[in-house]
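Novice: fold the following, please.
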Amino acid sequence: MPDFAIEVKSPDDMYKQMREKADYYLQNGTKLVWLVYPEKRIVEVYTNEQQDILTLEDRLTGGELLPEFELSVKDIFDVE
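Specialist: Reported below is the predicted structural model:
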């Protein structure tokens with residue numbers, strides 16, 4: 001398993017399936033998972049310790065895995 005996984009929802013993906021995949025990754029060694037939902041303009045962040053939902057006003061960080069990484073959620077969705 002990768003240490004870090006990003007899944008971007010496509011029109012055919014189901015929310016439940018994406019969350020199940022994030023859970024599978026975490027149960028099998030992945031440390032950080034981002035689920036990106038373009039139509040809702042949110043990012044769900046999963047670790048073994050917590051789950052967060054980030055909106056356009058928030059900033060993504062890499063946590064302990066990528067300590068110097070930081071990105072505004074609105075930059076992902078090209079929002080000014």
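Novice: for the rest of this, base every contact and every neighbour count on C-alpha atoms.
Specialist: Fine.
Novice: can you point out the buried residues in the longest helix along the chain?
Specialist: The helix of greatest length in the chain, counted in residues with DSSP state H as the criterion, is given as helix 15-27. Using 16 or more other Cα atoms under 10 Å as the burial criterion, the residues of helix 15-27 that qualify are 18, 19, 22, 23, 25, 26.
Novice: how about the spatially most central residue of the chain, what does it touch?
Specialist: Closest residue to the average C-alpha location of the chain: residue 34 at 1.4 Å, with Cα atoms, centre = their mean. Shown in contact with residue 34 (Cα atoms under 8 Å, 6 or more residues apart in numbering): 5, 6, 7, 43, 44, 45, 46.
Novice: give me the local confidence score for residue 78.
Specialist: On the pLDDT scale, residue 78 is placed at 79.
Novice: ugh, wrong one, I meant residue 52
Specialist: The per-residue pLDDT reported for residue 52 equals 96.
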